[in-house]
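J.: coordinates only, sequence not included:
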C-alpha cells in the first residue's frame, strides 16, 4: 500500500460499495464482454471490504490481492468465516485472470459470476457485522 492509503475503514467500505455496484450493473447488461470486468470489480470490492475490516480491527494493510490470504488474517478474530475459503479462492482467480494474460483463456459465464456475487454478498454482510466502524 502507498503511504497515502486511508486507514479509515469506512473509506475502504465506500470504495468497495462503488466497485460492487459497478459489478452488479455490468452483470445486468446483456453484452457478454462485460462479464469479465464485472468479475474483476467483484474481486476488488471484496478485497476492499476485507482490508477495511482488518483496519477496523487495528491491523495494518497488507499489499496483496489474494482474498484467501486476507481471509486468513480475518479468521483469527472471526472463525465463523471459515466456510468462505473456496469463495475467496474463486474470486481471486477472477482478478488474476483479467489482470494478466493467461496461457489458456477461460470463459466466465454470467451465471458463475452471479453465483460468486451471491456468495460475496454473504461474506460482506458477515464482515460488516463483525467490524466496528
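T.: Noted; the coordinates are in hand. Note that this is a predicted model, so its numbers are computed, not measured.

J.: run a quick neighbour tally on the closest residue to residue 57 other than its chain neighbours.
T.: Nearest residue to residue 57, sequence neighbours excluded (Cβ to Cβ, 6 or more residues apart in numbering): residue 77, at 5.9 Å. Every C-beta, even on glycine, is put in place using the N, C-alpha and C of the backbone. Using other Cβ atoms under 10 Å, residue 77 is surrounded by 12 other residues.

J.: secondary structure element for residue 77?
T.: Taking DSSP states H and E as the definition, one finds residue 77 inside no helix or strand.

J.: by mean pLDDT, which helix or strand of the chain comes out lowest?
T.: helix 85-99 (a mean of 89; mean pLDDT, DSSP states H and E).

J.: which SSE is immediately downstream of that helix?
T.: Next element after helix 85-99 (DSSP H and E): helix 110-129.

J.: could you list every helix and strand that that following helix packs against?
T.: Using 3 or more Cβ pairs under 8 Å, 6 or more residues apart in numbering; DSSP states H and E, the elements in contact with helix 110-129 are helix 9-27, helix 35-56, helix 85-99.

J.: pick the most deeply packed of the ones you listed.
T.: Of all the helices and strands packed on helix 110-129, helix 35-56 has the most neighbours on average by mean count of other Cβ atoms under 10 Å, namely a mean of 24.

J.: just the angle between that one and helix 85-99, please?
T.: 120 degrees (axes from the mean of the first three to the mean of the last three Cα atoms, to 10 degrees).
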